[in-house]
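Chemist: next one to model:
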Amino acid sequence: MSPPFALLRVRVQPESPAEIPAEWVALNAAGAVVTRGRSALDSLPAAEAVEILIPAGRVTPHRLEIPASGARFEAALVRQALEDRVLGDLDRCIIVSGTRQDKWLTVWVAERAWVASLLEAITAAGCVATRLTPEQCLLDAGEIAESPSGWIFLSEAGAFGLLPTRDLALALIGTAAHDQPDLLAASADTRRVNLLTGMPRLKRAAAGFSPQLLKPAALLLIAAALVYLLAQFATLRQLSGQEAALRQSIRQNFAAARPGVPIVDPILQWRQSQGKPAGGPGMDALDALADFAVQAGIVLHPQRVEVNDMQLKLTLTAADAGALKPVLQQKGIVFETGSTDTGLAQITIRQKPGGRP
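Modeler: So this is what the prediction gives:
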């Protein structure tokens, strides 16, 4: 169920906002006042958006002559201009740019510690502030209004001010100025500034959890995963190349050491040749296969060779299998045929005791 009000506008006092009941008005989607009241922060009614009015005595507007430029360059120019205007350390202030009129830029300055304490009090009361709006931003040009800090005004030229009495305000901007009797009920204005933008960390904390906050972390995690996969792919390609080079080197070394011997499985053949010379007593099925392969004049390129005490299993292409079968039949060697899931042929040769096929 959605909150009953579109906007709750709350005015806090310049002193401790947590201890003094706050004045508030509730507005509907059309900007009309539905109800109003005064209560502690933990008793405020629910609303879709909550706008906290910053007392005029806690925020200062400055009208600076700053040419339009990029955000980073403009921020540097603003800080440089404020060095001559603001007493104290600018690092302890939040600085938020407001409206611009040609080369004139309105900049709002507030004490960071006070704004932080205000947000902490609001959060502790179970309220989520969506905007922190200076009271002066609710005025139209040529208007004056009474606030907890004094009389505020906005001149026709766009200058803001805060004075202790109404007469001083009228004397400064002229008798043509008109009063704004109900500042809390003022309509929305595009000139408003949100001081939350000057405190991004507190803004995120006040806004509560949002899935959007996880987006940077998710993107970083995806990027890390892609880098890891690319690294693994590069490693696999490197290992595959090394394996191919090693196999080729073994084949070449075996061919150089034993010229004329058909290469079936050079690693197994090399191990067997070290302990059992080819053609001598104890020659196993692999040696016998190499012998009759030489006699038959065929060259085998097995994809896989499996040898144990009782059988020799060769995985060959169909062409090699077709060339080997007549040789086995001619020599009276018993064998079995089969196939793999990938379409290769398998020939299994049973061995006799002593290692002969």
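Chemist: going forward, measure contacts and count neighbours with C-alpha atoms only.
Modeler: Fine.
Chemist: walking through the stretch 201-350 of the chain, point out its strands one by one.
Modeler: Assigned by DSSP state E, counting those that start in this stretch, the strands in the stretch 201-350 of the chain fall at 304-307, 311-316, 335-339, 345-350.
Chemist: for the stretch 51-200 of the chain, which spans come out with low pLDDT?
Modeler: 188-191, 200 (pLDDT under 70).
Chemist: just to revisit the earlier point, just send the strands of the stretch 201-350 of the chain back as TSV, with distance to V25 and mean pLDDT too.
Modeler: Below are the strands of the stretch 201-350 of the chain laid out as TSV (distance: least, CA to CA, whole Å; pLDDT from 0 to 100):
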stretch	distance to V25	mean pLDDT
strand 304-307	84	76
strand 311-316	86	82
strand 335-339	84	88
strand 345-350	87	85
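Chemist: could you dump those to CSV with distance to V107?
Modeler: Conversion of the strands of the stretch 201-350 of the chain to CSV gives the following (distance: least, CA to CA, whole Å):
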stretch, distance to V107
strand 304-307, 79
strand 311-316, 81
strand 335-339, 82
strand 345-350, 83
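Chemist: dump these to TSV, plus distance to I173 and mean neighbour count.
Modeler: Output for the strands of the stretch 201-350 of the chain, formatted as TSV (distance: least, CA to CA, whole Å; neighbours: other CA atoms under 10 Å):
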stretch	distance to I173	mean neighbour count
strand 304-307	98	14
strand 311-316	100	21
strand 335-339	100	13
strand 345-350	101	20
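Chemist: pull the longest helix from the protein.
Modeler: Once the chain is assigned using DSSP state H, the helix that runs over the most residues is helix 215-257.
Chemist: mind jotting down where the helices sit in the stretch 151-300 of the chain?
Modeler: Assigned by DSSP state H, counting those that start in this stretch, the helices in the stretch 151-300 of the chain fall at 166-173, 200-207, 215-257, 266-275, 285-296.
Chemist: among the ones you listed, which gets the worst mean confidence?
Modeler: Of all the helices of the stretch 151-300 of the chain, the minimum mean pLDDT falls on helix 200-207 (a mean of 45).
Chemist: follow-up on the earlier one: show me what the longest helix of the chain packs onto, helices and strands only.
Modeler: Packing contacts for helix 215-257, counted by 3 or more CA pairs under 8 Å, 6 or more residues apart in numbering; DSSP states H and E, involve helix 266-275.
Chemist: okay, now M199: neighbour count?
Modeler: By the other CA atoms under 10 Å criterion, the neighbourhood of M199 contains 16 residues.
Chemist: quick one: residues contacting the closest residue in space to it that isn't next to it in sequence.
Modeler: Spatial nearest neighbour of M199, chain neighbours left out: I94 (7.1 Å); criterion: CA to CA, 6 or more residues apart in numbering. Taking CA atoms under 8 Å, 6 or more residues apart in numbering as the criterion, I94 is in contact with V109, A110, E111, R112, L195, G198, M199.
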